[in-house]
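Got a predicted structure plus its sequence, pasted below:
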Amino acid sequence: PARYVTGYLLTGGEEGIGEASHAWAELHVEGLGWVGFDPANRCCPDDRYIRLGSGRDALDAAPIRGVSRGGGTEAMDVTVVVAAQQ
């Protein structure tokens, strides 16, 4: 089996601002368990990767999801600071 994982990736320096979420895949390997693969960065996830959710696909692994009814407008602003653990 495989699953889609969403989260953030610490890039450059010891502290960065997460401008966008990141996603990678995990495969279940017998004897090892779930093993991550990040084809976008050609590496396996390590301690720079922060997992928010996992599922069958991007919709299933979405960290925020909901339904609204009626008129009006809505907006969502997100700021994420990703910092190395001291």
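On my side now, so go ahead. Numbering: from 1, shown residues only.

measure stretch 44-62 end to end?
21 Å (CA to CA, to the nearest Å).

Give me the distance from that stretch to the chain's centre.
4 Å (CA atoms, centre = their mean, to the nearest Å).

what's the weakest-modelled helix or strand in this structure?
Confidence across the helices and strands of the chain bottoms out at strand 15-18, with a mean of 53, counting by mean pLDDT, DSSP states H and E.

could you point out which element follows that one?
Using DSSP states H and E, the helix or strand that follows strand 15-18 in sequence is strand 22-29.

phi, psi of the residue with the largest distance to the centre of the chain?
For the chain, the largest distance from the centre (CA atoms, centre = their mean) belongs to residue 71, which lies 31.3 Å off. Backbone geometry at residue 71, expressed as degrees, to the nearest 10, gives phi -80, psi -170.

Could you check how far it is from residue 77?
21 Å (CB to CB, to the nearest Å). For the C-beta atoms, the positions are set from N, CA and C on the backbone; glycine is no exception.

ok, now residue 53?
Per CB to CB, residue 53 is found 20 Å from residue 77.

ok, the two, which is more surrounded?
Looking at residue 53 and residue 77 with other CB atoms under 10 Å, you find the greater number of neighbours at residue 53, namely 18 against 4.

Nearest residue to that one in space, ignoring adjacent ones along the chain?
residue 61 (4.4 Å; CB to CB, 6 or more residues apart in numbering).

what about the one you found, how many residues close to it?
20.

just checking, it touches residue 4?
Yes - assessed by CB atoms under 8 Å, residue 61 is found in contact with residue 4 at 5.0 Å.

Between those two, which contacts overlap?
Overlap between the neighbourhoods of residue 61 and residue 4 consists of 23, 54-55, taking contacts as CB atoms under 8 Å, 6 or more residues apart in numbering.
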